[in-house]
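**Q** structure for the following, please:
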Amino acid sequence: MGVASPDLMASAFADRFNAGDAAGFVALYTDDAVFTYDGAERAVGRKQIEGALAGFMMAGLQFRGECVSIHVVGDTALTRFKWELLDADGGAVSSGVSAEVQRRGPDGLWRLIIDDTGGGSRV
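**A** Sure, this is the predicted structure:
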């Protein structure tokens with residue numbers, strides 16, 4: 001699973017996360033992808049990434065995000081998403097601007113290889 005173009009990744013992630021589809025959202029990552037929520041702790045590979053995000057899903061949080069920039073060179077894209085995690089009442093729990101690197105696979109679909117949720121807003 002992946003997306004047809006890098007600008008579709010934020011909405012695909014939100015759809016799968018909000019549906020509680022852990023297998024679906026983790027399939028948006030390459031097998032060897034790296035994810036960090038805080039810039040220090042890393043989850044490497046789909047299994048660790050699923051574990052890192054499972055707590056947010058199990059807490060009933062919802063994800064809202066939009067792509068705010070895309071830079072594509074060949075089969076690699078640098079994207080930034082403006083995102084929010086929302087509680088059951090729609091109140092913001094956390095927000096930020098992330099930085100991601102996406103790669104187009106041999107099947108033509110784009111997947112995340114690096115996902116740094118605060119990378120676009122950390123100094």
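
**Q** give the buried residues for the least confident helix or strand in the chain by mean pLDDT.
**A** Lowest by mean pLDDT, DSSP states H and E among the helices and strands of the chain is helix 46-58, with a mean of 87. Of the residues in helix 46-58, R46, I49, E50, A52, L53, F56, M57 count as buried by neighbour count, 16 or more other Cβ atoms under 10 Å. C-beta: built from backbone N, CA, C; applies to glycine.

**Q** could you list every helix and strand in contact with that helix?
**A** Applying 3 or more Cβ pairs under 8 Å, 6 or more residues apart in numbering; DSSP states H and E, one finds that helix 46-58 contacts helix 9-18, helix 22-26, strand 29-36, strand 43-44.

**Q** any chance of CSV for those, columns distance to I113 and mean pLDDT?
**A** Below are the helices and strands packed on helix 46-58 laid out as CSV (distance: least, Cβ to Cβ, whole Å; pLDDT from 0 to 100):
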stretch, distance to I113, mean pLDDT
helix 9-18, 12, 93
helix 22-26, 13, 90
strand 29-36, 5, 96
strand 43-44, 11, 96
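
**Q** most remote residue from this structure's center?
**A** Centroid-distance maximum for the chain: D89 at 22.6 Å, with Cα atoms, centre = their mean.

**Q** show the pLDDT at that one.
**A** Predicted confidence (pLDDT) for D89: 89.

**Q** which secondary structure element is home to it?
**A** Secondary-structure assignment from DSSP states H and E places D89 in no helical or strand segment.

**Q** distance of it relative to T36?
**A** According to Cβ to Cβ, to the nearest Å, D89 and T36 sit 28 Å apart.

**Q** could the helices and strands packed on helix 46-58 go into CSV alongside mean neighbour count?
**A** Output for those, formatted as CSV (neighbours: other Cβ atoms under 10 Å):
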stretch, mean neighbour count
helix 9-18, 19
helix 22-26, 18
strand 29-36, 18
strand 43-44, 16
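
**Q** any idea which of those gets closest to L85?
**A** L85 lies closest to helix 9-18 among these, at 9.3 Å (Cβ to Cβ).

**Q** tilt between the closest one and helix 46-58?
**A** On the basis of axes from the mean of the first three to the mean of the last three Cα atoms, to 10 degrees, helix 9-18 is oriented at 70 degrees to helix 46-58.
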